[in-house]
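In: Quick one, structure for this:
(2 chains)
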Protein chains: 2
Amino acid sequence: MESINYWKNQFEDYLSKRPCEDGSHDLSHFRRVWKIAEGLAEPQDDLLVILAACYFHDFVSYPKNHPKRSQSSVDAAKESAIVLRDMGFPEDKMDAVKHCIEAHSFSANIATQTREAEVVQDADRMESLGAIGLARTFYVAGLMGSHLFDSEDPFAKNRKLDDRSYAIDHFEAKLFKLPGSMKTEKGRAEAKRRAMVLSNYLKDLEAEL
Amino acid sequence: MESINYWKNQFEDYLSKRPCEDGSHDLSHFRRVWKIAEGLAEPQDDLLVILAACYFHDFVSYPKNHPKRSQSSVDAAKESAIVLRDMGFPEDKMDAVKHCIEAHSFSANIATQTREAEVVQDADRMESLGAIGLARTFYVAGLMGSHLFDSEDPFAKNRKLDDRSYAIDHFEAKLFKLPGSMKTEKGRAEAKRRAMVLSNYLKDLEAEL
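Out: The predicted structure is shown next:
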């Protein structure tokens, strides 16, 4: 644990000095992903690999409408390795960290090959669900200047989903699929609970519209 | 009701052609405020005055960090009157509409002098509460580029509230005060219900952090 705390402080120190204008992918997000990942990890998992990947998984993150969007995680892995090497991070863990970072992304669609990559991916996806996922969904909609919902057909009963234009469409288009994509057992259970927070929210919203 | 439908179509037609980049103050917001106001209105209230004020209350809306912010509603009343006059809106209702628009605003702090102004103010404030208020709060945070919350002290237990910096602070700083500011009886009851949606949300969030 000593080495975990040492590296956590190093990462916090480094990342807190980095400018960040997206409050949905800031240091506080990295901390929460690490906290969730710690809860999903089993004794046999390499916590240092998980820690590094949690803090650096969004080190490069192109905006949702950027042409290189799906390449974010591969570039994040490359750039993180340079920084980690500079910090003196154990070289023998580098490939494992890079794999976790590359495979965490939804849009990259890279299969997870290790337990550590499964834990990091599940932890990051968990952040899109529940109360925090709700906040982040609408926050990102504001950031991108999209609409909250289609006022003619808010729940897309008679049209195709379009989550670039309408925040509410993101629930069906992506969020409700996440519990089924979870790789760890604990992750699946917690994801189901957090998806319920979202579906209850939609019921409240429907009653108000 | 015929005249209400006629004017509603006129307003929809006019406002749908107006560019709007803020999804929390768009035509869909005006429609919802009108729908809520209709529910709060009593038979003796002048529905046409309420309708016009609901559709035009944000006709001028300076951003939250703009020096003229608290003047938005007075300017909105003036500008709306010019447009309404052009449309041939009944001149004898103009002052009543202008008063509703001026008095709806939180930051302008102008006392409501008519039932119609009370209804419009309550209806607009209702939109900051409940499931829709939740969505709008985080959306506006994204739009302004503020943080979701202070990761060291999310619920401001040991610091002053700062809702320009942290979206979650907006709940205590403003939203939970709204039910007590409602002027109509029906408005107060519904506002209390919608405030519960927000406090339940905070409990869910606290459990995740």
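
In: Please work out how many residues are found near the spatially closest residue to residue A:109 that is not a sequence neighbour.
Out: Using Cβ to Cβ, 6 or more residues apart in numbering or on different chains and skipping the chain neighbours, the partner closest in space to residue A:109 is residue A:70 (7.6 Å). For glycine as for every other residue, the C-beta is placed from the backbone atoms N, C-alpha and C. Using other Cβ atoms under 10 Å in any protein chain shown, residue A:70 is surrounded by 15 other residues.

In: And residue A:70, how far from residue A:4?
Out: Distance, residue A:70 to residue A:4, using Cβ to Cβ, to the nearest Å: 31 Å.

In: same check, this time on residue A:89
Out: Separation of residue A:89 from residue A:4 (Cβ to Cβ): 13 Å.

In: Neighbour count for those two, which is higher?
Out: Between residue A:89 and residue A:4, counted using other Cβ under 10 Å, residue A:89 has the larger neighbour count: 20 against 14.

In: correct me, but the residue nearest to residue A:109 touches residue A:106?
Out: No - Residue A:70 lies out of contact with residue A:106 (Cβ atoms under 8 Å); the separation is 9.1 Å.

In: what helix or strand does residue A:61 sit in?
Out: Assessed by DSSP states H and E, residue A:61 sits outside every helix and strand.

In: ok, for it, nearest residue in space, not its chain neighbours?
Out: residue A:72 (5.0 Å).

In: per-residue confidence for the one you found?
Out: With respect to pLDDT, residue A:72 has a value of 92.

In: Equivalent analysis for residue A:1, please.
Out: pLDDT recorded at residue A:1 is 55.

In: Just the pLDDT for the residue in chain A positioned nearest to chain B.
Out: Residue nearest to chain B within chain A: residue A:142 (2.6 Å; Cβ to the nearest Cβ). Per-residue pLDDT puts residue A:142 at 93.

In: helix/strand/coil for the residue lying closest to residue A:126 once chain neighbours are set aside?
Out: Spatial nearest neighbour of residue A:126, excluding adjacent residues (Cβ to Cβ, 6+ apart): residue A:36 at 5.0 Å. Classification of residue A:36 using DSSP: H, G, I helix; E, B strand; the rest coil returns helix.

In: distance of residue A:36 from residue A:155?
Out: Residue A:36 is 29 Å from residue A:155, by Cβ to Cβ.

In: which of those two has more neighbours?
Out: A side-by-side neighbour count of residue A:36 and residue A:155, using other Cβ under 10 Å, places residue A:36 first with 24 against 17.

In: Residue A:3: neighbour count?
Out: Count around residue A:3 with other Cβ under 10 Å applied: 11.

In: where does the residue at the greatest distance from the centre of chain A land on pLDDT?
Out: Distance from the centre of chain A peaks at residue A:152, with 31.1 Å (Cα atoms, centre = their mean). In this model, residue A:152 is scored at 87, pLDDT.

In: Also residue A:20?
Out: For residue A:20, pLDDT reads 73.

In: what's the closest non-adjacent residue to it?
Out: Among residues not flanking residue A:20 along the chain, residue A:26 sits closest, at 4.7 Å (Cβ to Cβ, 6+ apart).

In: and what of residue A:195?
Out: residue A:179 (5.1 Å).

In: That neighbour and residue A:196 touch, don't they?
Out: No - with contacts counted by Cβ under 8 Å, residue A:179 stays clear of residue A:196, the gap being 9.6 Å.

In: And these two? Which one has more around it.
Out: Neighbours around residue A:179 and residue A:196, counted as other Cβ under 10 Å, are more numerous at residue A:179. The numbers are 20 against 14.

In: Contact partners for that one?
Out: A:129, A:188, A:191-192, A:194-195 (Cβ atoms under 8 Å, 6 or more residues apart in numbering or on different chains).

In: Among those residues, name the buried ones.
Out: Among the contacts of residue A:179, those classed as buried by 16 or more other Cβ atoms under 10 Å in any protein chain shown are A:129, A:188, A:191, A:194-195.

In: list the contacts for the residue farthest from the centre of chain A?
Out: Contacts for residue A:152 (Cβ under 8 Å, 6+ apart) come out as none.
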